[in-house]
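Participant: no sequence for this one, just the structure:
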C-alpha cells in the first residue's frame, strides 16, 4: 500500500494535480472572509481577498485574457523586449571586453581598480 502511494513515474502526474488542487483550495480558504476568522490575517475579513485575490476571480480573468486574445500582444511585446535587452547587453559587454582586452595597459589599470578580480597578465 505504501509503495503505491509514493510518487513514481506511474503516478507522478496524479501527485502534481493533487498538489495544484491543494494549493488552490488553500488559497481559497485563506482568502475567503467567511471560512476563517479575521484575526488570523487582517482586521477586516475582505482585506485578504483584496491583497491576494480570490482564485476563482483570478482564473476567470486569465481565461478572459486568453479567449479574448488580449494577452497575446502583451506576451509578444514582453518576449521582444527580453530578447532585445539580451542582445544589446551581450553586444555592449562584448565591445567592452574587446576594448579592455586589446590594450594591455588599459586592462592592467582597470583590473587593478577592481580588486575582486585577479590582474590580467599580458604576454610580452
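Facilitator: Yes, it's here. What you see is a predicted model, and the numbers here were worked out from it, not measured in a lab.
Participant: can you get me a residue count around residue 48?
Facilitator: Residues near residue 48, counting by other Cβ atoms under 10 Å, number 19. Where C-beta positions appear, they are placed from N, C-alpha and C, glycine not excepted.
Participant: same check, this time on residue 31
Facilitator: Counted with other Cβ under 10 Å, residue 31 comes out at 23.
Participant: for it, list the residues it contacts.
Facilitator: Contact analysis of residue 31 by Cβ atoms under 8 Å, 6 or more residues apart in numbering lists 48, 49, 52, 53, 54, 55.
Participant: which residues are in contact with residue 15?
Facilitator: residue 7.
Participant: before we move on, which element is it in?
Facilitator: helix 12-31 (DSSP states H and E).
Participant: would you mark the buried spots in that helix?
Facilitator: 27, 31 (16 or more other Cβ atoms under 10 Å).
Participant: pLDDT (mean, whole number) over it?
Facilitator: Averaging pLDDT along helix 12-31 gives 90.
Participant: same question, stretch 75-92
Facilitator: For stretch 75-92, the mean pLDDT works out to 96.
Participant: longest helix in the protein, by residue count?
Facilitator: helix 70-102 (DSSP state H).
Participant: what comes up buried for it?
Facilitator: In helix 70-102, counting by 16+ other Cβ under 10 Å, buried: nothing.
Participant: what's it packed up against?
Facilitator: helix 104-113 (3 or more Cβ pairs under 8 Å, 6 or more residues apart in numbering; DSSP states H and E).
Participant: mind running it again at 10 Å?
Facilitator: helix 55-68, helix 104-113 (3 or more Cβ pairs under 10 Å, 6 or more residues apart in numbering; DSSP states H and E).
Participant: ok, of those, where does mean pLDDT dip lowest?
Facilitator: Within the helices and strands packed on helix 70-102, the stretch with the lowest mean pLDDT is helix 104-113, showing a mean of 55.
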